[in-house]
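> Next comes the sequence, and after it the predicted model I'd like to discuss.
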Amino acid sequence: MDQAMMPIQPYPHLLSPLRVGPLTLRNRVVMGSMHTRLEHFEDGVARQCAFYAERARGGVALLVTGGVGPNAAGLLEPGAPLLTEPAQGEAWRPVVRAVQDEGTPILMQILHAGRYAKHAEAVGASAIASPINPRSVHPLTHAEILATIADFARCAALAVEAGFDGVEVMGSEGYLLNQFAAARTNDRDDDWGGDAARRRRLPVAVTEAVRAVLGRDRLLVYRISAIDLVEGGADAEETVALARAIAAAGADALNTGIGWHEARVPTIAASVPRGAWRFATARLARAVAIPVIASNRINTPELAESVIAEGEAALVSMARPLLADPAFVRKAASGRAAEINTCIACNQGCLDYIFTNRSATCLVNPRAGRETEWPTPEPVARPRRIAVVGAGPAGLACATTAAARGHRVVLFEAGPAIGGQFLLAQAAPGKAEFAETLRYFGALLARHGVEQRLGRHAEADALAAEGFDAVVVATGALPRRPAIPGLDHPSVTGYADILSGAVVAGRRVAVIGAGGIGLDVAAFLAEEEDEPETHPDRFRAAWGVDGETRTAGGLAPPAVARPRREVTVLRRGLGRPGERLGVSTAWILRARLKSLGVSFITGCEYVGIDDAGLHYVLQREPRTLAADTIVLCAGQEPDHALVEALTAAGVAAEAVGGAAEALELDALRAIEEGSRLGLRL
Ligand code: NAP
Ligand code: SF4
């Protein structure tokens, strides 16, 4: 073939095969282990088969299951998967087959939770409890350590019996093996602790024992902590020494974890810039001869390609990006990367659901984790002409889903661009990823031929006159205007005007309302000029991370923030600001606001607004907060106006998202409701 006619291979490094241990992987994308809690359902096996097979079909080269305990003490929580006898292995067989039938090898992750175990039998190197788990820790005796090594080996042998292509040994994130390796949690002075070499002994012994039972025709991956991000964690020298020892003990590849679960540095949230941890993986890749797998905040094929092309890792592990889009690899390989539903690192549907004992799903892909129950998108026999009014998340999800099934959809939007609340959200520090969801929906609108009418209000009469077969109202909720005297004072503005840049706030700002929007607005207004969320170096400086990892755990004194404004957030209730925000990210936002000097006033009663500022009563004392700008972030109210007008005009309309119910509306619910309606129309 003429050179000029040769198709250009997109992402040549990412999509090239690689020999790892006994396996030849078809590309460099590994689906990393994640807890899904799907096993807690009665039909958990069927759900896991569907969940994993869909990701295998999407083209990943290797898949790793969620963690499985090698013994009862190592379980993360009661009811978590355990593998100590053949019958438990047999239960995995359908999952293994479902994945392998799609041409993808599958590893079982062996995870011993150690002192993170949420049950009374938690064990560890020493009797040092974790700050995120109040349970006391039984320090393992020498005999118990030997038994634990044997349990890892038995678990690996049972995994092989069940058909797995190998195992991943979990040695990062602060779980048992990581706890033995770090001085922070290991104050023993025996064969298993005392100096770095003896602290390494358990991870090495486990690797050797597992290698011995796997033989050479099964894959052994060890997941190592590339940087601990806790005081008393390993420094670079110890981490490299451990990596070399694990390689020498027989691991075929090193996967990498970043930060312990108790670390006070964010590692995977959206406020962490993409690729922020490449440096830590690259250090290990330089130190060992076996392939190293990069992870954390790698969510696009471009970034994954560059990590591999620059030799910082041989493979890339993605977990949440494949929850968001199971066909990530297939789309990247077929020139449809613009249609990848990118993980926006919000954690709202995955980690926050897991932490509240629900099974994982995804904010941008509500089908995730519900593959067996989610309605199959049926192509429509008789396409209808459908108007969707409002191009926020609910409207976009509805319009694209309905159009994909064959309906002729017209999307109306009063603003000049699609996005609704997402357009505002993406302006908040650390939320730039929201733009990816709009890029994705934009690509789908084009692919499915949705007609877009932007920049004009859709009036009921005009909609009625066009004679649509169905009208969907997705106009969102309206910002609440609280009944505070003086609300028309020139210092008062709404959050939309602030986030859109229509209004520039003064130096002293009062934010009324401490929900998700109030805190995002406070961060937007106080954030430094050089937003640390946008650049890995500034992010590391702001959160106190030593890029060289010369210190234990890789921690350094954080840079002192230089806030742009004095911001005070007020609320009437006594609860914590942002109390309804997800546990996995609320602490990050609160910590950042604290370092930016944002103040909070709770339990106040608003009295009025005038030239002196915001008057309020706190503990029966009248007070005044001098403010140049007062921003209303007092929640939302439903907007039924269009539905009522359409009904009056004799047009049956269905409302979705905030237009239906504003209470506790968030993007997750909006996209799910929009998608479900799009499947039903
Ligand atoms: P919200 O979470 O309901 O918070 C509204 C705030 O306004 C509360 O702090 C409330 O506090 C105050 N408020 C309510 N009625 C008021 C009144 N009549 N007068 C004065 N203050 C009043 O709503 P939101 O902040 O608008 O957020 C909307 C939705 O988006 C929520 O579901 C939120 O979780 C979600 N969201 C999530 C994120 C995220 O990062 N995950 C970010 C932004 C938004 P008091 O009643 O105590 O005064
Ligand atoms: Fe990513 Fe958010 Fe989906 Fe989790 S819920 S997979 S973080 S987009």
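It's in. Ligands and ions are numbered 1, 2, ... in the order given.
> Closest residue of the stretch 51-200 of the chain to ligand 2?
Closest residue of the stretch 51-200 of the chain to ligand 2, Cβ to the nearest ligand atom: residue 55 (12.2 Å). Any C-beta I mention is one placed from the backbone N, CA and C, and that applies to glycine too.
> That residue sits in which helix or strand?
helix 44-57 (DSSP states H and E).
> Next: residue 211.
Using DSSP H and E, residue 211 falls in helix 201-214.
> Counting by contacts, list what the helix or strand following that helix packs against.
The element immediately downstream of helix 201-214 (helix or strand, assigned by DSSP H and E) is strand 219-227. Packing contacts for strand 219-227, counted by 3 or more Cβ pairs under 8 Å, 6 or more residues apart in numbering; DSSP states H and E, involve strand 106-110, strand 166-171, helix 201-214, helix 236-248, strand 253-258, helix 278-287.
> so which of those comes closest to ligand 2?
That would be, of these and by Cβ to the nearest ligand atom, strand 253-258, which comes in at 15.4 Å.
> Might you enumerate the residues of this structure proximal to ligand 2?
320, 323-324, 343-350, 362-364 (Cβ under 6 Å from any ligand atom).
> try it again with 5 Å
320, 323-324, 343-347, 349-350, 362-364 (Cβ under 5 Å from any ligand atom).
> Output the contacting helices and strands for the helix of greatest length in the chain.
For the chain, the helix with the greatest residue count under DSSP state H is helix 142-161. Judged by 3+ Cβ pairs under 8 Å, 6+ apart, the packing partners of helix 142-161 are helix 86-100, strand 106-110, strand 166-171, helix 201-214.
> Tell me which of these is the most buried.
Highest mean neighbour count among the helices and strands packed on helix 142-161 (mean count of other Cβ atoms under 10 Å): strand 166-171, with a mean of 28.
> Break down the stretch 251-400 of the chain into its helices, ranges please.
278-287, 301-309, 320-324, 328-333, 351-355, 393-404 (DSSP state H, counting those that start in this stretch).
> Present these as a markdown table; the columns should include mean pLDDT and distance to ligand 1.
Output for the helices of the stretch 251-400 of the chain, formatted as a markdown table (pLDDT from 0 to 100; distance: least, Cβ to the nearest ligand atom, whole Å):
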| stretch | mean pLDDT | distance to ligand 1 |
| --- | --- | --- |
| helix 278-287 | 97 | 26 |
| helix 301-309 | 98 | 23 |
| helix 320-324 | 98 | 15 |
| helix 328-333 | 97 | 24 |
| helix 351-355 | 94 | 8 |
| helix 393-404 | 98 | 11 |
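> May I see these arranged in TSV, with distance to residue 487 as well?
As requested, the helices of the stretch 251-400 of the chain are exported to TSV (distance: least, Cβ to Cβ, whole Å):
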stretch	distance to residue 487
helix 278-287	49
helix 301-309	45
helix 320-324	40
helix 328-333	47
helix 351-355	34
helix 393-404	29
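> related to what we said a few turns ago, could you say what helices and strands the helix holding residue 211 packs with?
helix 142-161, strand 166-171, helix 176-181, strand 219-227, helix 236-248.
> Can you find the residue of the stretch 551-681 of the chain that comes nearest to ligand 2?
residue 668 (7.4 Å).
> Tell me which residue in the stretch 101-250 of the chain sits closest to ligand 1.
Residue nearest to ligand 1 within the stretch 101-250 of the chain: residue 132 (20.6 Å; Cβ to the nearest ligand atom).
> Please apply the same query to the stretch 501-650 of the chain.
For the stretch 501-650 of the chain, Cβ to the nearest ligand atom, closest residue to ligand 1: residue 515, 2.0 Å.
> How about the secondary structure of residue 453?
The local conformation at residue 453, judged by DSSP: H, G, I helix; E, B strand; the rest coil, is strand.
> so who does the closest residue in space to it that isn't next to it in sequence touch?
Of all residues not flanking residue 453 in the chain, residue 412 sits nearest, at 5.0 Å (Cβ to Cβ, 6 or more residues apart in numbering). Neighbouring residues of residue 412 by Cβ atoms under 8 Å, 6 or more residues apart in numbering: 387, 388, 389, 390, 391, 453, 456, 458.
> Flag the least confident of the residues you listed.
For those, the weakest pLDDT value sits at residue 456, with 86.
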